[in-house]
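In: 3D, please:
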Amino acid sequence: MELKYVFYFIFGGLIVSLVSYFASHAKGLIAAFFANLPVITFTTFILIYLESGEKNVLDYAKSLLIMLPPWLAYIFSILLLGPKLGIIPSLVIGLGNYFLLSFFIIKFSGMKI
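Out: Next up, the predicted model:
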């Protein structure tokens with residue numbers, strides 16, 4: 001196993017740990033800040049660029065925008081259904097919405113998986 005993958009794993013775990021820590025201490029805005037930091041996408045862009053060049057970075061950036069509506073559907077499912085159904089059911093429904101919308105986008109966009 002290459003050492004760079006160990007670094008990726010630790011770096012990703014650090015971000016998740018920060019988000020979990022702040023969210024569990026009722027600091028949702030700070031947790032959201034860390035969760036949405038462009039550090040992960042920035043790092044991903046750099047690594048893709050180093051591995052395969054500019055074209056693949058631009059394709060990835062375009063794909064991130066195309067996949068934004070399913071992510072928003074996931075978040076809105078939690079916000080709208082959480083108070084009515086509870087967090088766990090709203091998370092499950094949100095994931096279902098994410099996967100369903102993602103499936104349709106991938107299927108009908110003509111993009112390669």
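
In: Relative to K62, how far out is the residue nearest the centre of the chain?
Out: In the chain, the centroid-proximal residue (Cα atoms, centre = their mean) is W71; its distance is 7.5 Å. To K62, W71 is 15 Å away according to Cβ to Cβ, to the nearest Å. In short, each C-beta sits where N, CA and C put it, glycine included.

In: Which positions in the helix or strand encompassing E51 come out as buried?
Out: If you go by DSSP states H and E, E51 is part of helix 39-52. By 16 or more other Cβ atoms under 10 Å, the buried positions in helix 39-52 come out as 44-45, 48.

In: And the next helix or strand past that helix?
Out: Later in the chain than helix 39-52, the nearest helix or strand by DSSP H and E is helix 54-66.

In: which helices and strands sit right next to the helix or strand following that next one?
Out: Past helix 54-66, heading to the C-terminal end, the next element that is a helix or strand (DSSP H and E) is helix 68-85. Using 3 or more Cβ pairs under 8 Å, 6 or more residues apart in numbering; DSSP states H and E as the contact test, the elements touching helix 68-85 are helix 87-109.

In: returning to that earlier point: the residue nearest to the centre of the chain - nearest residue in space that isn't next to it in sequence?
Out: In this structure, W71 finds its nearest non-sequential neighbour in Y98, 6.6 Å apart by Cβ to Cβ, 6 or more residues apart in numbering.

In: which residues touch that neighbour?
Out: Under the criterion of Cβ atoms under 8 Å, 6 or more residues apart in numbering, the neighbours of Y98 are 70-71, 73-74.
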